[in-house]
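>>> Give the three-dimensional model of this entry:
(one chain, ligands or ions: 2)
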Amino acid sequence: MKTIQTTPKPFIDFPAPNHGRDHRKTTIKCIIGSCLTSTISSTVPTAQLSTIHLRHTAMAAASSSTLFPSNKLSSNSLSRKLSLAPAFSVAVVVPRRRRSLVVVATALDAKPTVLVAEKLGAAGLDLLKDFANVDCAYNLSPEELCTKISLCDALIVRSGTKVSREVFEASSGRLKVVGRAGVGIDNVDLAAATEHGCLVVNAPTANTVAAAEHGIALLTAMARNVAQADASVKSGKWQRNKYVGVSLVGKTLAVMGFGKVGSEVTRRAKGLGMHVIAHDPYAAADRARAIGVELVGFDEAISTADFISLHMPLTPATSKMLNDETFAKMKKGVRIINVARGGVIDEEALVRALDAGIVAQAALDVFTEEPPPKDSKLILHENVTVTPHLGASTMEAQEGVAIEIAEAVVGALKGELAATAVNAPMVPAEVLSELKPFVELAEKLGRLAVQLVSGGSGVKSVKVTYASARAPDDLDTRLLRAMITKGLIEPISSVFVNLVNADFSAKQRGLRITEERSILDGSPESPLEFIQVQIANVESKFASAISESGEITVEGRVKDGIPHLTKVGSFEVDVSLEGSIILCRQVDQPGMIGKVGSILGEENVNVSFMSVGRVAPRKHAVMAIGVDEQPSKVTLKKIGEIPAVEEFVFLKL
Ligand SMILES: NC(=O)c1ccc[n+]([C@@H]2O[C@H](COP(=O)([O-])OP(=O)(O)OC[C@H]3O[C@@H](n4cnc5c(N)ncnc54)[C@H](O)[C@@H]3O)[C@@H](O)[C@H]2O)c1
Ligand SMILES: O=C(O)[C@H](O)COP(=O)(O)O
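Ligands and ions are numbered 1, 2, ... in the order given. Below is the predicted model:
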């Protein structure tokens, strides 16, 4: 574990209070470690403290709470209270008339904390524990979840936990990833997650077969009254005539939603000799043909089917899609299976359709409200078979889901792009490795361009040009755009921008980013030749950065895997984008490189790269100098005082 000292010297002195104020308050940001706890209690006599406020850095000041009065300060209680907090602030309130107070704040590198809010398979937990502190806390109330979340970097849930906007707000930016250990993400407020820059990942494949098998189990059990007959026999009855079923062979099954589960249900139902049709406005016809199923319209599906099995997600478009109106279009005596989401059926309308005999039977695994009310007419209906959301609940599926989600969450916490991201672009691994240096280039160009702005109406309009020999469809620019946005916004705000919230953050700031493609001739081996970023309607602190068309313009390329700045305004330069950069406009004349280099050398600032771009010999030239260290103001001033230097700017990457 690495120890980070929060100050150059171990003690922070608080000057004596003045201005007649009762107390002075200061905040030290640090990272939890038991040594912080013990050092506070051992270095500061508890009697000297009136109060200690502990506040998680991620929490809003308003939610800061006084955990204990000083006379009860004990390092044990402090470490107990903070054992799950990898980052927090300490505010020490110094009582009146004390001359000074010393506090040591030593920070330790902490593991991230993952809150597992619903039961997860052991293999997944083991994977998580290798990388993070894992807090398994089940059946939390919404309030408890909001309280705990401020201490967590990741949250893992199944369908039983509502991850509402309040949860993201309570996390105040610390929550980096929500892992849904399953498919349906209707219990996660995706808009709120995106706005808070929180990645949402799911485990979309591991429970597909389990859900499909459960669908078939419900279909066959319903057709043969298995559940009702079982209950009857167990209650001492022997009702062979009452529980005569219906056969499946030759019957038409409409699969609504021809995705992963729908396709698997189709395969199995065909094996039972059923005629399967499917409705899915977004499914590819060739995939349906490959499984030997016909895709039909919604009305045709529901009006010709003997059995209807639901397999679409719950979205505003699918909410209550089976309702009074649509039940009226169904064949009398239709049977319905739902292992998708309860909300896709208007449950009151289903009760009416059952009572009217339009629907002969229903088999339901999912409900609008889970668990449903005990007196629900639907649940208690004699023609309804129910299970408590068991579709994904097989030993095999749960182990698979746990591993799938643990890998996705750990990857996301490591900053890797997730293949199962729900609210960020999914980029296949091979595309990602090809784009990686350009992703870095994109962010650095954004950073450089925005630091060149000095005035105007603010950064509102940015044009990005991608020059490539590849066909437009062959280049996914979402990642690049997100990173340019990050580069543009982060240096001028306190907003943390990532792939998830980049577009949202740009929109919030009224920043319009337009993208253009410049199609080049030649071999499309590399995905991109260069990226150009232009900011319109602004003035620049380095006038030479304004191109002839009037925008701040920077352009870059990747050379040997390293991003390079290759153009500033109308000047061609070539400097690798590592460390920081000094841009200097001068009258082109011999000895300039030497003069600037020796001024930097005097202060031991290492020059990594130097390049001069000029319009014509002995006229204006722009010198781009890459430096490893930040030069002092005095050194920069000396550069500015070289007679031939007309303007210069220091840019941090
Ligand atoms: N009961 C359970 O335990 C359980 C287990 C797994 C999945 N599920 C649920 O099953 C459903 C399907 O899961 P999946 O893994 O197959 O998802 P999926 O994304 O692979 O498939 C969903 C399909 O629904 C289609 N669709 C979207 N809108 C539609 C509409 N208006 N009409 C018809 N089709 C539409 C999509 O095009 C897609 O093909 C989800 O609701 C999921 O949450 C439940
Ligand atoms: O969407 C899903 O994956 C299923 O509904 C399973 O939900 P569960 O993880 O709560 O069982």
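>>> Show me which residues of the stretch 201-350 of the chain are close to ligand 1?
Within the stretch 201-350 of the chain, the positions adjacent to ligand 1 are 204, 207-208, 211, 256-262, 279-283, 311-314, 317-318, 339-341 by CB under 6 Å from any ligand atom. Heads up, the C-betas are built off the backbone N, CA and C, glycines and all.
>>> let's see it at 5 Å
Contact residues, the stretch 201-350 of the chain versus ligand 1 (CB under 5 Å from any ligand atom): 207, 211, 257, 259-261, 280, 282, 311-313, 318, 339-341.
>>> swap in the stretch 401-550 of the chain?
Counting by CB under 5 Å from any ligand atom, no residue of the stretch 401-550 of the chain is near ligand 1.
>>> need the helices for the stretch 401-550 of the chain, in chain order.
Using DSSP state H, counting those that start in this stretch, the helices of the stretch 401-550 of the chain run over residues 429-451, 478-489, 502-508.
>>> Tell me the confidence at the residue in the chain positioned nearest to ligand 1?
Nearest to ligand 1 in the chain, going by CB to the nearest ligand atom, is residue 259, at a distance of 1.7 Å. Note on residue 259: pLDDT of 94.
>>> go on, residue 271?
97.
>>> ok, back up a step: how near is the closest residue to the residue of the chain closest to ligand 1 other than its chain neighbours to residue 199?
Among residues not flanking residue 259 along the chain, residue 311 sits closest, at 6.3 Å (CB to CB, 6 or more residues apart in numbering). Counting by CB to CB, to the nearest Å, the separation of residue 311 from residue 199 is 26 Å.
>>> before we move on, back to that, which among the helices of the stretch 401-550 of the chain is found nearest to residue 296?
Ranking the helices of the stretch 401-550 of the chain by their distance to residue 296 (criterion: CB to CB) puts helix 478-489 first, at 34.1 Å.
>>> quick check: mean pLDDT across that closest one?
The model assigns helix 478-489 a mean pLDDT of 93.
>>> Any residues of the chain in contact with ligand 2? List them.
Taking CB under 5 Å from any ligand atom as the measure of proximity, the chain contacts ligand 2 at 158, 159, 182, 183, 184, 392.
>>> could you pick out which of those residues are near ligand 1?
Okay, of these touching ligand 1 (CB under 5 Å from any ligand atom), that's 183, 184, 392.
>>> What is the neighbour count of the first one?
Using other CB atoms under 10 Å as the criterion, residue 183 is surrounded by 24 other residues.
>>> on that earlier part again, when you compare pLDDT across the residues of the stretch 201-350 of the chain next to ligand 1, which one is lowest?
Lowest pLDDT among these: residue 282, 88.
>>> what about that one, which helix or strand?
Assessed by DSSP states H and E, residue 282 sits outside every helix and strand.
>>> count of neighbours near the residue of the chain found nearest ligand 2?
Nearest residue of the chain to ligand 2, counting by CB to the nearest ligand atom: residue 182, 2.6 Å away. By other CB under 10 Å, the residues close to residue 182 number 24.
>>> Report the contact partners of it.
Applying CB atoms under 8 Å, 6 or more residues apart in numbering to residue 182 gives the contacts 158, 159, 202, 203, 207, 392, 401.
>>> how near is it to residue 487?
Note on residue 182: its distance to residue 487, by CB to CB, is 36 Å.
>>> With residue 635 instead?
Using CB to CB, we find residue 635 at a distance of 26 Å from residue 487.
>>> between the two, which one's more packed in?
residue 487 (24 against 21).
>>> which residues touch the closest residue to that one other than its chain neighbours?
Nearest residue to residue 487, sequence neighbours excluded (CB to CB, 6+ apart): residue 446, at 2.3 Å. Residues near residue 446 by CB under 8 Å, 6+ apart: 483, 484, 485, 486, 487, 488, 533.
>>> burial measure for the second one, as a count.
Spelled out, that is residue 484. 29.
>>> Relative to residue 495, how far out is the spatially most central residue of the chain?
The centroid of the chain falls nearest to residue 199 when counting by CA atoms, centre = their mean (1.3 Å). Taking CB to CB as the measure, residue 199 and residue 495 are separated by 16 Å.
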